[in-house]
Structures are given as structure tokens and as C-alpha cells.
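>>> Sequence and predicted structure are below.
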Amino acid sequence: MNEILERVMQFKGEFFQYAKAKTEILKFRQEVADACKLNYCGMYGRTWTCPPGVGNYKDLEREIKQYPDFFVFTTKHEIEDSFDIEGMIAAKNAHTELEIRVRRALDGLPYRALGAGGCNHCETCTYPDAPCRSPQEATTSIEACGVNVVELAADLNINYVNGANTVTYFSVILFADL
């Protein structure tokens, strides 16, 4: 088994669902990247890892396709109801903490991570006034790259919706077989 997958699978008990696939199955769409402009998550124009700071989705697509394989994992969280914004934020933070632990387990190996929504590594991002303080820790949003997470989930037979009063978050680890 690939060393990256071995290290990632140490966390499989904390994943809700996961899959490995070839990067060639990813579908990149301008309208997904453009949806970030609607700023539903509040991160548009606020970080280096979300539009417009992250750059053009076509450039991101080229960068991503340099990695032939990827691993996607999800976490599922209970929330009070579909208006429980505080619960959703707490769930995203828990997902991000797991993603950070996975990434730390991959230190020294060649990979790239795409995460759930905008990066929140730093309390306040330097965008656009100064370069990113922690480029090794920063995580680009999956959607900012033009990848539709609903389609990705369907293509991998992973649930995007997991029942009433739940929220599911996705992370992607891009890699090459070592």
C-alpha cells in the first residue's frame, strides 16, 4: 500500500466515509468556482485560499491534475436543525481539526490538501496585504477549484446528505503513488 494511504488510513475510524480514486474523474466547472462570489460561507475575498486570492480555477485544475490520485474523506455531524449555524461552524471546526491531524501525519510526503470551505488556520488572514503566513498549513477550498462536491460524492458513492439534522464535510488529499 502507498505510504500516504497507510498514514491516512490510521484515521479511518474517525472518517464517516472515504474513497480513493484517480484525479481524472474530477470534474472542474467555472460555475462552481463562480458560486464562491455569492459568499455564502463569508470567505470570498478574505483569504489566500478562496477566490479571488486563490487564483483562477483553470490554473488550479492544472495544478491538481499533476497528482494522479486522490483520497476523499468525510465527517458527519449532528446539528439541532438546518438553521443551526453555530452547530455547523462547530462541525466544520471539528472536521478541520481532523484534516490538520491527517496532514501532520503526511509531513515530508508529496501531497496537496483541499478542504471544506475556506482556510481558517490563522485567526486573521493576511489577504490581500501580505503573503500567507503559513502556506504549508493553508488549505484551498474544494469548491474554489471548481469541483462540485455533490457530483464528487455521487461519483464515489459517498453520501452528501446524511439525514435530517446532520451536516457532512469533505476533504481531499491529492497524491502520487510512491
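Great, that's in hand. Residues are numbered from 1 along each chain as shown.
>>> ranges for the strands of this protein?
For the chain, the strands defined by DSSP state E occupy 18-22, 69-78, 111-115, 140-141, 166-175.
>>> Could you give the bridge partners of the residue nearest the centre of the chain?
Geometric centre of the chain, nearest residue: G115, 1.6 Å, by Cα atoms, centre = their mean. Beta bridges link G115 to S141 when assigned by DSSP bridges.
>>> Distance-wise, check it relative to D129.
The gap separating G115 from D129 is 23 Å, by Cβ to Cβ, to the nearest Å. All C-beta atoms are positioned from the backbone trio N, CA, C, and that covers glycine.
>>> And for N120?
18 Å.
>>> okay, the two: which has more neighbours?
The neighbour comparison of N120 against D129 (other Cβ atoms under 10 Å) goes to N120, with 18 against 6.
>>> residue contacts, the closest residue to that one other than its chain neighbours?
Nearest residue to N120, sequence neighbours excluded (Cβ to Cβ, 6 or more residues apart in numbering): T96, at 6.4 Å. Neighbour list for T96: 115-116, 120, 139 [criterion: Cβ atoms under 8 Å, 6 or more residues apart in numbering].
>>> want to throw the strands of the chain into CSV with distance to E151 and mean pLDDT?
Compiled in CSV, the strands of the chain are given as follows (distance: least, Cβ to Cβ, whole Å; pLDDT from 0 to 100):
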stretch, distance to E151, mean pLDDT
strand 18-22, 13, 97
strand 69-78, 12, 97
strand 111-115, 15, 93
strand 140-141, 16, 90
strand 166-175, 12, 96
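>>> Distance to V54 added to the ones you listed, as JSON lines?
Output for the strands of the chain, formatted as JSON lines (distance: least, Cβ to Cβ, whole Å):
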{"stretch": "strand 18-22", "distance to V54": "23"}
{"stretch": "strand 69-78", "distance to V54": "18"}
{"stretch": "strand 111-115", "distance to V54": "11"}
{"stretch": "strand 140-141", "distance to V54": "6"}
{"stretch": "strand 166-175", "distance to V54": "15"}
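>>> Which one of those lies nearest to P52?
Of all the strands of the chain, it is strand 140-141 that lies closest to P52, at 12.4 Å by Cβ to Cβ.
>>> quick one: the residue of the chain most remote from its centre and Y40, what's the gap?
Residue farthest from the centre of the chain, counting by Cα atoms, centre = their mean, is D129 at 24.5 Å. Between D129 and Y40 the computed distance is 25 Å (Cβ to Cβ).
>>> how about the longest helix along the chain: buried residues?
Criterion DSSP state H: the longest helix present in the chain is helix 85-105. For helix 85-105, the neighbour count (16 or more other Cβ atoms under 10 Å) marks 87-88, 91-92, 95-96, 98-100, 102-103 as buried.
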